[in-house]
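Novice: 3D model of this:
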Amino acid sequence: MIARGVFFIILVRTSSATLTFISLFFMTRYLGSEDYGSFSWAIAFVAIFSSLSDLGFSSAHIKRVSEGKDIDQCFSTYVLIKMVLICLMVLIIVFSIWIWMQVTGDALSENQITLIALIILYQILYSVSGIFSNTFIAKLDIVKSQVIMLLDPLIRVPLVIIICLTGIGIFGIAYAYIIGSFVMSITGIILISKSKFKWKRPLMIRSYAEFAIPYSLVLFIGILAVNIDIMSIGGFWPPSDVGFYASSVTFVSSLSTIGLSISIVAFPVFSKMHSLGEGKETKIKTRIAEKFISLLGLPIVVVVILFPTELASILFGTHFSAAGKALPYLAIAAFLPLLNQTVTSQIIALNRPKILAGLSLVNFIALVTFLLFLVPKQLFGVNLPGMSYEGAALAVLISGIFAFCMTRYIAFRLLDVDFNPRLILHMASAFFATLLLALLRSIIPMIGWADLIFYGLAALSIILLLFSAFKEFTKKDIDLILDVLNPKRMKKFIIEKHKR
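Specialist: Coordinates of the predicted model:
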């Protein structure tokens with residue numbers, strides 16, 4: 001049941017990522033690097049403050065519900081907290097813009113202010129929809145939670161395509177984002193109303209805060225870390241460089257679909273296991289998750305490393321080929337946290353968010369340090385490498401390696417989760433696949449979509465064969481995959497979850 005739930009989430013998230021890529025395909029071609037860079041900068045600016053609408057209370061909500069607390073009391077408490085936090089987010093964004101203009105004396109243009117205001121409205125509606133999707137996740141009602149999340153790209157992407165083709169511009173795209181998040185919120189309200197929750201006096205605020213406040217630092221730093229690289233490029237380089245980097249980040253973020261899909265199910269499951277003292281079963285599930293993460297993620301990483309410039313040209317257009325400089329660093333940096341997704345979920349489930357908060361803070365300091373060293377040409381009169389978006393990608397990779405090692409060490413000390421030696425075999429499989437495909441590259445160059453599909457399937461096939469040779473992929477795994485992919489059982493799973 002867990003495997004089918006994870007697969008369903010991967011299916012939905014992959015569909016969402018595919019739709020997002022389709023919109024990226026049109027935006028990079030019809031907006032150009034300048035306008036796309038300006039839009040990406042506005043998204044990143046508002047996203048930095050988006051954690052204020054959550055501050056870890058969503059994780060607290062999932063944990064308390066998964067622990068068996070009164071669902072009506074939990075929901076009433078969560079709704080009140082979220083609405084207060086959303087108002088707080090808006091006030092702080094507006095205040096921050098005013099302070100920034102007063103201190104720097106650099107007034108934003110009317111177009112910039114309008115664009116930021118539209119993105120804020122999108123973020124408000126998106127945060128409201130999270131109330132309902134997170135409640136369904138807490139109840140392990142996977143289907144309803146993912147239906148809400150999928151509606152955004154289903155509505156937004158066709159609108160973005162129409163707007164790009166008609167030449168309306170970035171304001172039209174902002175409205176497309178707003179419409180998508182509005183439909184998400186309305187759908188969430190309709191679905192949650194069928195659950196017949198009873199409104200109660202919110203008496204669990206303190207209980208939620210005890211978990212959320214330490215974790216809020218993890219969340220805030222995490223969101224800041226995701227967007228600070230784009231902000232740093234925009235601070236020292238033209239919007240076109242932001243556009244090159246943002247397009248690469250959007251593509252590579254498809255890797256996070258795998259880890260996010262697993263963590264959505266893993267967190268409440270691990271939380272329940274922890275409360276029941278099922279340590280041995282937790283370790284078994286951790287190893288299984290790591291194996292399938294490698295199997296799904298490594299072929300993408302291999303192809304990106306071998307064909308960065310070709311990929312950028314095929315995916316974003318020939319005038320975005322320079323974006324390929326950042327792709328290899330970002331692909332590896334995106335894969336590392338995937339392998340840590342299960343142990344990170346366990347640390348949170350163990351009620352130890354303070355440890356993750358400390359790790360996130362140290363990692364963020366490392367990231368900012370390398371960004372300030374590698375991105376600008378000059379800082380405080382000191383000449384620097386000036387690597388722009390390529391330097392930002394390298395900074396993300398270096399800090400990502402540090403975070404991976406530290407998280408594994410903490411997991412070993414705290415959870416007694418020792419390093420999985422089979423991961424070495426996974427990396428060896430990826431290394432040999434890279435060598436073989438590098439030889440093939442001289443015979444069959446990557447020019448178009450057909451070549452991209454060919455090399456993707458080739459990378460997957462080689463890694464799968466090597467996994468089998470190392471006995472990392474067995475008949476038992478094949479049976480599990482066939483069971484999960486069984487259309488009749490998946491249909492039954494969806495119907496059963498939808499009726500709950």
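Novice: And for the protein, the residue most distant from the center?
Specialist: When distances are taken from the C-alpha mean of the chain, Gly381 lies farthest, 36.4 Å away, according to Cα atoms, centre = their mean.
Novice: where exactly do the strands run in the protein?
Specialist: Using DSSP state E, the strands of the chain run over residues 378-379, 382-383.
Novice: Pipe those strands into JSON lines and attach mean pLDDT, mean neighbour count and distance to Leu115 per row.
Specialist: Just so you know, the C-beta spots here come from the backbone N, C-alpha and C atoms, and that holds for glycine as well. Compiled in JSON lines, the strands of the chain are given as follows (pLDDT from 0 to 100; neighbours: other Cβ atoms under 10 Å; distance: least, Cβ to Cβ, whole Å):
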{"stretch": "strand 378-379", "mean pLDDT": "84", "mean neighbour count": "12", "distance to Leu115": "28"}
{"stretch": "strand 382-383", "mean pLDDT": "86", "mean neighbour count": "8", "distance to Leu115": "34"}
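Novice: With distance to Thr369 as new columns, can these be given to me in CSV?
Specialist: Below are those laid out as CSV (distance: least, Cβ to Cβ, whole Å):
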stretch, distance to Thr369
strand 378-379, 12
strand 382-383, 14
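Novice: Just the pLDDT at the residue farthest from the centre of the chain, thanks.
Specialist: We note a pLDDT of 80 for Gly381 in this prediction.
Novice: Likewise for the one 4 residues further on?
Specialist: At Pro385, the pLDDT value in this model is 87.
Novice: Excluding chain neighbours, give the residue nearest to it in space.
Specialist: Ranked by Cβ to Cβ, 6 or more residues apart in numbering and with sequence neighbours excluded, the top spatial neighbour of Pro385 is Leu374, at 5.5 Å.
Novice: burial measure for that neighbour, as a count.
Specialist: Using other Cβ atoms under 10 Å, Leu374 has 20 other residues around it.
Novice: pretty sure it contacts Leu394?
Specialist: Yes - counting by Cβ atoms under 8 Å, Leu394 is a contact partner of Leu374 at 5.8 Å.
Novice: Identify the contacts common to those two.
Specialist: The contact sets of Leu374 and Leu394 overlap at Met387 (Cβ atoms under 8 Å, 6 or more residues apart in numbering).
Novice: Show the contacting residues for Gly180.
Specialist: Counting by Cβ under 8 Å, 6+ apart, Gly180 makes contact with Leu151, Asp152, Pro153, Leu154, Ile155, Arg156, Leu159.
Novice: ok, so of those residues, who is nearest Ala209?
Specialist: Minimum separation from Ala209 among the contacts of Gly180 (Cβ to Cβ) is found for Asp152, which lies at 29.2 Å.
Novice: Please determine how far the closest one is located from Tyr409.
Specialist: Between Asp152 and Tyr409 the computed distance is 37 Å (Cβ to Cβ, to the nearest Å).
Novice: Give me the more crowded residue out of the two.
Specialist: Neighbour comparison, Asp152 and Tyr409: the larger count goes to Asp152, with 25 against 12 (by other Cβ under 10 Å).
Novice: So that one sits against Phe182, correct?
Specialist: No - with contact defined as Cβ under 8 Å, Asp152 does not reach Phe182; the gap is 9.6 Å.
Novice: Among the strands of the chain, which comes closest to Ile113?
Specialist: Once the strands of the chain are compared by Cβ to Cβ, strand 378-379 is nearest, at 28.3 Å.
Novice: partners of the closest one, with directions?
Specialist: Using DSSP bridges, the neighbouring strands of strand 378-379 in the sheet come out as strand 382-383 (antiparallel).
Novice: Outside of stretch 239-251 itself, which residues are in contact with it?
Specialist: In contact with stretch 239-251 (Cβ under 8 Å, 6+ apart) are residues 20-21, 24, 28, 32-38, 40-41, 44, 229-230, 233-234, 311-312, 315-316, 320, 322-327, 330, 388-389, 392-393.
Novice: starting at the chain centroid, how far to it?
Specialist: A distance of 16 Å separates the C-alpha centroid of stretch 239-251 from that of its chain, computed with Cα atoms, centre = their mean, to the nearest Å.
Novice: now stretch 87-100
Specialist: So, by Cα atoms, centre = their mean, the centroid of stretch 87-100 is 25 Å from its chain's centroid.
Novice: Next one, pLDDT for the nearest residue to Thr135 once chain neighbours are set aside please.
Specialist: Beyond its immediate neighbours in the sequence, the residue positioned closest to Thr135 (Cβ to Cβ, 6+ apart) is Phe75, lying 6.0 Å away. Looking at Phe75, its pLDDT reads 87.
Novice: Please apply the same query to Val90.
Specialist: Val90 carries a pLDDT score of 92 in this model.
Novice: Just to check, it is in contact with Ser127?
Specialist: No - applying Cβ under 8 Å, one finds Val90 not in contact with Ser127, separated by 10.0 Å.
Novice: picking that back up, how about the contacts made by the residue farthest from the centre of the chain?
Specialist: In this structure, Gly381 makes contact with no residue, judged by Cβ under 8 Å, 6+ apart.
Novice: So what's the residue count around Phe454?
Specialist: For Phe454, the count of nearby residues is 13 (other Cβ under 10 Å).
Novice: Isn't it up against Pro445?
Specialist: No - no contact is recorded between Phe454 and Pro445 when judged using Cβ under 8 Å, the distance being 11.2 Å.
Novice: What count of nearby residues applies to Leu91?
Specialist: 11.
Novice: sorry, that was for Leu224
Specialist: Close neighbours of Leu224, defined as other Cβ under 10 Å, add up to 18.
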